[in-house]
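A.B. asks: Sharing a model prediction with you, sequence too.
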Amino acid sequence: MCKKYQIIIKKNPSFYPENMSIRIDIVIGQEGLIGAREEFKAMTGCELNGV
């Protein structure tokens, strides 16, 4: 999904099961996060947060 939205991340995503969220450290492509967030939530039910 990161490739689709032209997001390059620094390392592997972190999963936080207590609040059903995924955190990614974005190097390039912060503007693609909005679209990715919506699609990710619809597909998985988890929140996608970028730093």
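C.D. replies: Right, received. Where do you want to start? Residues are numbered from 1 along each chain as shown.
A.B. asks: distance from the centroid: which residue in the protein tops it?
C.D. replies: The centre of the chain is farthest from one residue, Glu18, which by C-alpha atoms, centre = their mean lies 16.9 Å away.
A.B. asks: Quick check: buried residues in whatever helix or strand Ile22 lives in?
C.D. replies: Taking DSSP states H and E as the criterion, Ile22 maps to strand 21-24. Neighbour counts over strand 21-24 (16 or more other C-beta atoms under 10 Å) mark 22, 24 as buried. C-beta: built from backbone N, CA, C; applies to glycine.
A.B. asks: do stretch 31-40 as well
C.D. replies: By neighbour count on 16+ other C-beta under 10 Å, the buried set for stretch 31-40 is 32-33, 36-37, 40.
A.B. asks: Could you do stretch 12-31 as well?
C.D. replies: Applying a neighbour-count criterion of 16+ other C-beta under 10 Å, one finds 22, 24, 26, 29 buried in stretch 12-31.
A.B. asks: which of these lies closest to Lys11?
C.D. replies: Lys11 lies nearest to Ile24 out of the buried residues of stretch 12-31, by C-beta to C-beta, at 8.6 Å.
A.B. asks: quick one: contacts for the closest one?
C.D. replies: By C-beta atoms under 8 Å, 6 or more residues apart in numbering, the residues touching Ile24 are 2, 7, 9, 13-14, 48-51.
A.B. asks: Mind listing the strands the strand holding Ile22 pairs with, and their directions?
C.D. replies: When sheet partners are counted by DSSP bridges, strand 21-24 sits next to strand 14-16 (antiparallel), strand 47-50 (parallel).
A.B. asks: any idea how far the last one is from the chain center?
C.D. replies: Put simply, strand 47-50 sits 5 Å off its chain's centre (C-alpha atoms, centre = their mean, to the nearest Å).
A.B. asks: Go ahead and produce PDB holding the CA coordinates of that strand.
C.D. replies: The C-alpha coordinates for strand 47-50 follow below in PDB (Å, rounded to 0.1, in the frame of the first residue of the first chain):
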ATOM      1  CA  GLU A  47      -5.800   3.000  12.300                       C
ATOM      2  CA  LEU A  48      -2.700   4.000  10.300                       C
ATOM      3  CA  ASN A  49      -0.600   6.700  11.900                       C
ATOM      4  CA  GLY A  50       2.500   8.300  10.300                       C
END
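A.B. asks: Thanks a lot, see you next time.
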